[in-house]
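Enquirer: generate a structure from the sequence data that follows.
(one chain, ligands or ions: 1)
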Amino acid sequence: MATEVGIIMGSQSDWPTMREAAAILDELGIPYEAKIVSAHRTPDRLWSYGKTAAERGLKVIIAGAGGAAHLPGMMASKTRVPVIGVPVQTRALSGVDSLYSIVQMPRGFPVATMAIGAAGAANAGLMAAGILALNDPALAARLDAWRDALSASIPDEPADE
Ligand code: RP5
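Expert: Below you'll find the model as predicted:
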């Protein structure tokens, strides 16, 4: 089966965050590729990734970046494949810089922007799963089971820790 999810990130330093998305995809049995594609440091790589994404069979791209986080938006400009953006937490501005860079896209080129950091990356994996599950009943069943298990793990009452 062709790889349908691409996880891309601006730097190796983004991987500790972005592997939260990969972990969810692993749990749900969804194949993916993970690549470093920087809007600023490797713009030609970004261009060719976006140009070939649809023809290679990608159905969803999860793009994480921090600071001047132009990768998700530039990727959305280059391909019609849906882009889920993950604002990576930064030291200087705590990821608010990343969030604003990713979320404020102009009309016409959307990026589905997640929360800052690890929770956002995990949710990006779940969002990708939900999109693929629309046309994959077996995956839909696995995703439903995953969601049920999470709900079942939440206690009714708080405990003293
Ligand atoms: C962005 O700059 C990357 O997405 C990363 O979050 C940030 C810092 O990159 P490094 O200097 O750690 O490589 O392009």
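Enquirer: what's opposite the residue positioned nearest the centre of the chain in the beta bridge?
Expert: The C-alpha lying nearest the average C-alpha coordinate of the chain belongs to residue 62 (CA atoms, centre = their mean; 2.9 Å). Beta bridges link residue 62 to residue 7, residue 84 when assigned by DSSP bridges.
Enquirer: my read: it touches residue 128, true?
Expert: Yes - applying CB atoms under 8 Å as the test, residue 62 and residue 128 come out as touching, 5.9 Å apart. Where you see a C-beta, it was placed from the backbone N, CA and C, and this is true even at glycine.
Enquirer: any residues in contact with both of the two?
Expert: Common neighbours of residue 62 and residue 128, counting by CB atoms under 8 Å, 6 or more residues apart in numbering, are 5, 21, 84.
Enquirer: wouldn't the first one be in contact with residue 30 here?
Expert: What it means is residue 5. Yes - counting by CB under 8 Å, residue 30 is a contact partner of residue 5 at 6.0 Å.
Enquirer: tell me the one of the shared contacts of residue 62 and residue 128 nearest the ligand?
Expert: Nearest to the ligand among the shared contacts of residue 62 and residue 128 is residue 21, at 14.1 Å by CB to the nearest ligand atom.
Enquirer: and the protein, which residues reach the ligand?
Expert: 10, 11, 13, 14, 38, 40, 65, 66, 67, 88 (CB under 6 Å from any ligand atom).
Enquirer: spatially nearest residue to the fifth one (excluding sequence neighbours)?
Expert: When you say that, I think you mean residue 38. residue 10 (4.6 Å; CB to CB, 6 or more residues apart in numbering).
Enquirer: pLDDT wise, what is residue 1 at?
Expert: At residue 1, the predicted lDDT confidence score is 67.
Enquirer: again, but for residue 131
Expert: 98.
Enquirer: residue 161 too?
Expert: With respect to pLDDT, residue 161 has a value of 85.
Enquirer: so how far is residue 155 from it?
Expert: According to CB to CB, to the nearest Å, residue 161 stands 12 Å off from residue 155.
Enquirer: more neighbours, the two?
Expert: Taking other CB atoms under 10 Å, residue 161 and residue 155 do not tie; residue 155 has more neighbours (6 against 3).
Enquirer: SS state for that one?
Expert: In three-state terms, and counting by DSSP: H, G, I helix; E, B strand; the rest coil, residue 155 is coil.
Enquirer: and residue 110, how many neighbours?
Expert: Neighbourhood size, residue 110 [other CB under 10 Å]: 13.
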